[in-house]
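> fold the following for me, if possible:
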Amino acid sequence: MKYRRLGNTGLKVSEIGLGSWLTYGTAAEQQAADACVASAFECGINFFDTANAYNRGEGEKAIGAALRPYKRSDYVLSTKVYFPMGDGVNDRGLSRKHIMEQCEASLRRLGTDYIDVYFCHRFDQDTTVEETLRALDDLTAQGKILYSAVSEWSAAQISQAAGISRRLNLRPLAANQPIYNMFERYIENEVLEVSAHEGLGQVVFSPLAQGILTGKYKAGQLPPAGTRGADDSVNGVIRSYLRDDVLEVVGKLDKLAAEQGLKLSQLALAWVLRQPGVSSALIGASRPEQVLENTQAVDAVLQPDTLKAIDDILSEVAGFAPAR
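This is a model prediction of the structure:
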């Protein structure tokens, strides 16, 4: 495994991190979480990400339980706040009340005394950025979080927050967590530049486009039984990827990966990790062998001709932006 600084901080995170979105959170999945976390440690992964909104807290409980056998100082743990956690009018957003209450609730579910990186899961139009940043700064002063961060914030929102932090002498944001993969590249326009200027590292999610960039979905074929794409309860997340033109491109990328002696997932992750500003790419895994396969991407070297070939292939679906 290789490690990178999280933005301008001194915190080192593994280039591949293990996430828990749509992966863990039920009793049946705890065994999978335990096995994947164990495999992650064996592969050198030290970064584990979850969110309070993942299955209404069950994702946090699963990750917390899986991490319990390990020394707390040996891993970096992140979670998030923003989405509704109840039916009350204040059970959502980035108000001081919601942030403070949900931080305490996350700590209980995770079974830990502190959260390494605490993400604002989305931008809150109903709360001033100053109120949100002051609450995060107070949690940092209390030792309940070590670094504050944001997820899916625009370049303008990141710039605004950075300016307020400087003006009020608050601790700066450490990271942004955006979607980023071969098909979803909006952060290349402004977010990466602004983040670099303000010292935020990118912790990207969905680097394999919800499993599309593993090659298991084929053009002209129904999604294989047992996959996320075949599950009517969740496939809204990936439905817009399941188009023949996209899957034909995926097939070409799969062939290119094989020519490089790589799995498609490894090619896709290596492509993400070469982007300046990316601190870590979060994978999802339900089996230990997936963790092992994905972590091998850190050793892949993509030559200029390979990168050009990737760009040429991807140009066939330029402007693709799946709903989320």
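> make it CA atoms for all contacts and neighbour counts henceforth
Noted.
> show me the helices in the stretch 101-250 of the chain, by range?
Here the stretch 101-250 of the chain has its helices, by DSSP state H, counting those that start in this stretch, at 129-141, 155-168, 191-198, 244-259.
> for those, give me JSON lines that also has distance to residue 76.
Shown next, in JSON lines, are these (distance: least, Cα to Cα, whole Å):
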{"stretch": "helix 129-141", "distance to residue 76": "15"}
{"stretch": "helix 155-168", "distance to residue 76": "23"}
{"stretch": "helix 191-198", "distance to residue 76": "21"}
{"stretch": "helix 244-259", "distance to residue 76": "31"}
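> any idea which of those helices gets closest to residue 117?
Residue 117 lies closest to helix 129-141 among the helices of the stretch 101-250 of the chain, at 10.0 Å (Cα to Cα).
> buried residues in the closest one, which are they?
129, 132-140 (16 or more other Cα atoms under 10 Å).
> closest to the centroid, which residue in the protein?
In the chain, the residue lying closest to the centroid (Cα atoms, centre = their mean) is residue 205, at 2.9 Å.
> tell me the contacts of residue 60?
By Cα atoms under 8 Å, 6 or more residues apart in numbering, the contact set of residue 60 is 25, 50-52, 54, 79, 106, 109-110.
> likewise for residue 80?
By Cα under 8 Å, 6+ apart, the contact set of residue 80 is 50-53, 118-121.
> and the helix or strand harbouring residue 80, how far out from the chain's middle?
Assigned by DSSP states H and E, residue 80 falls within strand 76-81. Centroid separation for strand 76-81 versus its chain: 10 Å, with Cα atoms, centre = their mean, to the nearest Å.
> related to what we said a few turns ago, closest one of the contacts of residue 60 to residue 266?
Proximity of these to residue 266 (Cα to Cα) peaks at residue 50, which lies at 22.6 Å.
> is the residue lying closest to the closest one once chain neighbours are set aside in a bridge, and if so with what?
Counting by Cα to Cα, 6 or more residues apart in numbering, residue 50 lies nearest to residue 79, which is 4.8 Å off, once chain neighbours are set aside. Each beta-bridge partner of residue 79 is listed here, defined by DSSP bridges: residue 118.
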